[in-house]
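Asks: What follows is a protein structure lacking sequence information:
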């Protein structure tokens, strides 16, 4: 396994333990994370901490599976599947995704996620019953 | 550049020329194309051809650009953009996307694209 691929799997292990500081240790301190490619990125460890706190308040990630990977230099691409529990709406979401990681000096410097954000939005019933 | 990316570039060039036969020649007969993760796949060349003809009929000024790619065995992954103008409305649409292509005997056997279906205006 390559160093970069090993780093990604190690990052996943820290997240399974909800070890935020361990997770951050896999990222450069100027990490740029596009959790949604059309939104402005999360930049730096402090913003990542806030993002992760908000994310876990909204969702419980029950599965994070890697299906395929490919590497070119310091770029690692992934196809995967995650299963999320939407705490507010009490529902389980199946979320296929792809990700690209860019590494610098053995750490993740950039991450971009590609998926269908509509899958995460509140179900129609939840938005119309108030 | 790897052989898989070469094959994709051949398909992209054919698409740019609106050369349907040239594009389909890059695919296996049993191609399975999932153009969006929530959609059912297009199965077989005839279905892909119908999709492409409709796409080319309704969109213009199309741009298909690959910014990064990586290969692993028979797998090719790409990151790029797709951009087009909807003829009926004149709306310019930009989709940043990632795709995965699985090859068999030098041809694309499976393709899956990941992007946000909601149309994003360019610029």
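Replies: Done, it's in. Keep in mind that what you see is a predicted model, and the values were worked out from it rather than measured.
Asks: Poorly predicted segments of chain A, please.
Replies: Judged against pLDDT under 70, the low-scoring parts of chain A cover residues A:124-130.
Asks: neighbours of the closest residue to residue A:115 other than its chain neighbours, just the number please.
Replies: By the measure of Cβ to Cβ, 6 or more residues apart in numbering or on different chains, the closest residue to residue A:115 outside its immediate chain neighbours is residue A:97, 4.0 Å from it. Quick note: C-beta positions are derived from backbone N, CA and C, even for glycine. Around residue A:97 there are 19 other residues, counting by other Cβ atoms under 10 Å in any protein chain shown.
Asks: cool, and the one 3 residues further on?
Replies: With neighbours defined by other Cβ under 10 Å, the count for residue A:100 comes to 22.
Asks: Next up, the contacts around it.
Replies: Residues touching residue A:100, when contacts are defined by Cβ atoms under 8 Å, 6 or more residues apart in numbering or on different chains, comprise A:75, A:76, A:77, A:78, A:110, A:111, A:112, A:114, B:68, B:79, B:98.
Asks: Could you dump these into a markdown table and include secondary structure, distance to residue A:35 and neighbour count?
Replies: Listed next are the contacts of residue A:100 as a markdown table, based on DSSP: H, G, I helix; E, B strand; the rest coil; distance: Cβ to Cβ, whole Å; neighbours: other Cβ atoms under 10 Å in any protein chain shown:
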| residue | secondary structure | distance to residue A:35 | neighbour count |
| --- | --- | --- | --- |
| A:75 | strand | 18 | 18 |
| A:76 | strand | 17 | 23 |
| A:77 | strand | 17 | 28 |
| A:78 | strand | 14 | 23 |
| A:110 | strand | 12 | 19 |
| A:111 | strand | 8 | 22 |
| A:112 | strand | 9 | 21 |
| A:114 | strand | 10 | 25 |
| B:68 | strand | 18 | 16 |
| B:79 | strand | 15 | 23 |
| B:98 | strand | 14 | 25 |
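Asks: Now the residue lying farthest from the centre of chain B: phi and psi?
Replies: Seen from the C-alpha centroid of chain B, the residue lying at the greatest distance (Cα atoms, centre = their mean) is residue B:89, 22.6 Å away. Here the main-chain torsion angles of residue B:89 (degrees, to the nearest 10) amount to phi -120, psi -20.
Asks: about what we covered before: assumed the residue nearest to residue A:115 was part of a strand.
Replies: Yes: Residue A:97 sits within a strand when classified using DSSP: H, G, I helix; E, B strand; the rest coil.
Asks: The nearest residue to residue B:115 once chain neighbours are set aside: helix or strand, and which one exactly?
Replies: Distance criterion Cβ to Cβ, 6+ apart; nearest residue to residue B:115, sequence neighbours excluded, is residue B:97 at 3.8 Å. In this assignment (DSSP states H and E), residue B:97 forms part of strand B:92-104.
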